[in-house]
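[1] Turn this into a model:
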Amino acid sequence: MPDILDVLHARCAEIAGEAILSGEDHPHLALTTREVEELLDLIDDLHRRYCDIDLAYRELDHRYTVLRRAAREATASLERIRAVLEQRTAHPEAHARQACTIAGFAARNLTAASLNTDSTAS
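    Sure thing, here's the model as predicted:
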């Protein structure tokens, strides 16, 4: 495909040079049927690659959003654990169980988010 771009570039330079010499304001460029076909193939290939890149970008953006939400929820869970552990009561075992429950919930959320983004990537 780069060959057609080289041909097109050379042809445009030639036409532009002739237009400058002749004083023509709007030069015309003539292409063969084969050159037009190659250009259309190149445009189609570029469009397909653009669509692939756009889809990959959207998937990455979704993964980022999911992971960011999970990280925010995990941070909130850590704050809740800290608040639980700072409470002064006669039952430290209850605090430990409550902190473990919160930590387990946060871990499951992070794991689910990670699995969600892994399955999106596949």
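[2] ok, the residue positioned nearest the centre of the chain to Leu42 distance?
    Closest residue to the average C-alpha location of the chain: Tyr57 at 2.0 Å, with Cα atoms, centre = their mean. For Tyr57, the distance to Leu42 (Cβ to Cβ, to the nearest Å) stands at 22 Å. The way it works is simple: take the backbone N, C-alpha and C, and place the C-beta from them, glycine included.
[3] Helix or strand: which one has Leu21?
    helix 2-22 (DSSP states H and E).
[4] re earlier: quick one: pLDDT of the residue nearest to the centre of the chain?
    With respect to pLDDT, Tyr57 scores 97.
[5] How about residues contacting the helix holding Leu21?
    Glu24, Asp25, Pro27, His28, Leu29, Leu31, Glu35, Glu38, Leu39, Leu42 (Cβ atoms under 8 Å, 6 or more residues apart in numbering).
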